[in-house]
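**Q** following is a predicted model, sequence given first.
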Amino acid sequence: MKMLGVKTLFVILLLHAMLASLVTEAASGNKVKRVKPPKPVKPVQEILTCKSRKSKCFKKRITCPIECPKVKPKNPKDKACFLDCYSPKCEAVCKSRKPNCNGPGAACYDPRFIGGDGIVFYFHGRSNEHFSLISDSNLQINARFIGLRPEGRTRDYTWIQALGLKFGHHDFTLEATRTEKWDDNVDHLKLSHDGMELIIPEGDSSDWNSTNGDIQVERTSTTNSVTITIPNLAEIFVNVIPVSEEDSKIHNYQIPLNDSFAHLEVQFRFFGLSSNVEGILGRTYRPDFENPAKPGVAMPVIGGDDKYKTSSLLATDCALCVFSPDSIKDEDDSLMMEYGMLECQGGGDGIACKK
């Protein structure tokens, strides 16, 4: 009996020791090890420069801000680095690659414009007719309006459906194609250069350049958004959108079920327009222009249908059109577009702009 008791005690002690060892190993396995977090990778900030001798920033090396280090960010929703070669500040800033409908040079909605002087105004025009937005000696930009007139209305509701550009001896057109039902994933842009249709692969940052480099088109989203650049003349940001059901109800547009009225949201930036520039929008960049639209007025409408109507999307035959690419423009008559540098805040009709 005594021997059995000793053996039993020995087994119990042995099991206790083994159990203690297992607990110790388990505890050591659960110890939290402190691991140093990886150092954040600092994005490479691109360096930009201006190639135009007219620019005060000519050949200066400007670094992009850390908040927007890339000119073409991978995410199309991110802001891009932008260097305005015609700004006296010579600094890179962050900005959206899409049109800002509350910024100078904007033409959006039923069409509401913001002039080079920062003043909001409306120009209604007529459905299925063409009007000159910009007419200068070396640049003509026309717009085709689409619209409808519900019963009881005295004028058409209108939107900009297409743009026609003439620069030098070249033409470029951009149209929002008609569609019954809107789909963001389907491209509704139709482009042409000198009469030849352009096919630019869908995808953010897909681009096309003319053979002689006088115009560039870049997609700023997979579909329905592009930036058009004509070096030393203009930069145009474009979106294609439908008239939404909500807007139709709010404004009583009475949009039919078989047409989404796809149209353009546009913002222009101009470089070196002359002091004689004309057009619905162009005249607001003239130093002697007195805008009859008063700030704060609910819907200040500026006329000019008879002065700026053209016979087609690429015609230059409006009463006040001045496009003449063969004429020699005096360099001193060119305006460095300080108006393009206006900072605007607010929305609707309560927009305030300052230099």
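**A** Right, received. Where do you want to start?
**Q** per-residue pLDDT, residue 292?
**A** Predicted confidence (pLDDT) for residue 292: 84.
**Q** quick check: it touching residue 304?
**A** No - here residue 292 does not reach residue 304: they are 10.5 Å apart, not a contact under C-beta atoms under 8 Å. The way it works is simple: take the backbone N, C-alpha and C, and place the C-beta from them, glycine included.
**Q** neighbour count: those two, which is higher?
**A** A count of neighbours by other C-beta atoms under 10 Å puts residue 304 above the other of residue 292 and residue 304, at 18 against 11.
**Q** once you drop chain neighbours, what's closest to the more buried one?
**A** residue 280 (5.9 Å; C-beta to C-beta, 6 or more residues apart in numbering).
**Q** was I right about that neighbour contacting residue 124?
**A** No - judged on C-beta under 8 Å, residue 280 makes no contact with residue 124 at a distance of 10.7 Å.
**Q** of the two, give the one with the bigger neighbour count.
**A** Neighbour count, other C-beta under 10 Å: between residue 280 and residue 124, residue 280 has more, with 28 against 18.
**Q** parallel or antiparallel, list what pairs with the helix or strand where residue 81 lies.
**A** Taking DSSP states H and E as the definition, residue 81 sits inside strand 80-83. Partners of strand 80-83 in the sheet, by DSSP bridges, are strand 92-95 (antiparallel).
**Q** mind listing what's buried along the strand it pairs with?
**A** Neighbour counts using 16 or more other C-beta atoms under 10 Å place 92-94 of strand 92-95 among the buried residues.
**Q** what's the answer for stretch 222-233, then?
**A** Applying 16+ other C-beta under 10 Å to stretch 222-233 flags 222-230, 232-233 as buried.
**Q** name all residues that make contact with the nearest residue to residue 59 once chain neighbours are set aside.
**A** Excluding the flanking residues, the one nearest residue 59 by C-beta to C-beta, 6+ apart is residue 49, at 5.8 Å. Contacts for residue 49 (C-beta atoms under 8 Å, 6 or more residues apart in numbering) come out as 57, 59-62, 83.
**Q** hang on, the earlier thing: convert the C-alpha atoms of the strand holding residue 81 to CSV, please.
**A** Extracted in CSV, the C-alpha atoms of strand 80-83 (Å, rounded to 0.1, in the frame of the first residue of the first chain):
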residue,chain,number,x,y,z
ALA,A,80,-4.3,66.9,-59.8
CYS,A,81,-1.2,69.1,-59.7
PHE,A,82,-1.6,72.1,-62.0
LEU,A,83,0.8,74.9,-62.9
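**Q** how distant is that strand from the center of its chain?
**A** Between the centre of strand 80-83 and the centre of its chain there are 12 Å (C-alpha atoms, centre = their mean, to the nearest Å).
**Q** before we move on, back to that, do you know the pLDDT at the residue nearest to residue 59?
**A** At residue 49 the predicted local confidence, pLDDT, stands at 88.
**Q** and it, how far from residue 83?
**A** Residue 49 is 8 Å from residue 83, where distance means C-beta to C-beta, to the nearest Å.
**Q** now for these two: what residues contact both?
**A** Common neighbours of residue 49 and residue 83 (C-beta under 8 Å, 6+ apart) are 57, 62.
**Q** mean confidence score for the helix or strand hosting residue 107?
**A** Taking DSSP H and E as the criterion, residue 107 maps to strand 106-108. Per-residue pLDDT values over strand 106-108 give a mean of 96.
**Q** show the subsequent helix or strand relative to it.
**A** Per DSSP H and E, the first helix or strand lying C-terminal to strand 106-108 is strand 112-114.
**Q** neighbouring contacts of the following helix or strand past that following strand?
**A** Following strand 112-114 in sequence order, the next helix or strand is strand 120-122 (DSSP H and E). Contacts to strand 120-122, defined as C-beta under 8 Å, 6+ apart, come from residues 110-115, 291, 293, 295, 299-302, 349, 351.
**Q** swap in stretch 70-84?
**A** Contacts for stretch 70-84 (C-beta under 8 Å, 6+ apart): 43, 45-46, 48-50, 57, 62, 64-65, 67-69, 91-97, 204-205, 220-222, 225, 340-341.
**Q** kindly report the same for stretch 197-204.
**A** With contact meaning C-beta under 8 Å, 6+ apart, stretch 197-204 is reached by 74, 76, 187, 190-192, 206-208, 217, 219-223, 226.
**Q** tell me where the stretch 151-300 of the chain has helices.
**A** 245-251 (DSSP state H, counting those that start in this stretch).
**Q** list the contacts of residue 279.
**A** By C-beta under 8 Å, 6+ apart, residue 279 lies in contact with 132-135, 141, 308, 320-321.
**Q** now, these that are in strands?
**A** Of the contacts of residue 279, the ones assigned to strands by DSSP state E are 132-135, 141.
**Q** quick one, phi/psi of the residue nearest in space to the middle of the chain?
**A** Centroid check for the chain by C-alpha atoms, centre = their mean gives residue 98 as the closest residue, at 1.9 Å. Main-chain torsions, residue 98, degrees, to the nearest 10: phi -110, psi 160.
**Q** cool, and residue 306?
**A** phi -70, psi -30.
**Q** for it, which non-adjacent residue is closest in space?
**A** In space, residue 306 is closest to residue 319, 6.7 Å off (C-beta to C-beta, 6+ apart).
**Q** state the distance from residue 231 to residue 85.
**A** With C-beta to C-beta as the criterion, residue 231 and residue 85 are 10 Å apart.
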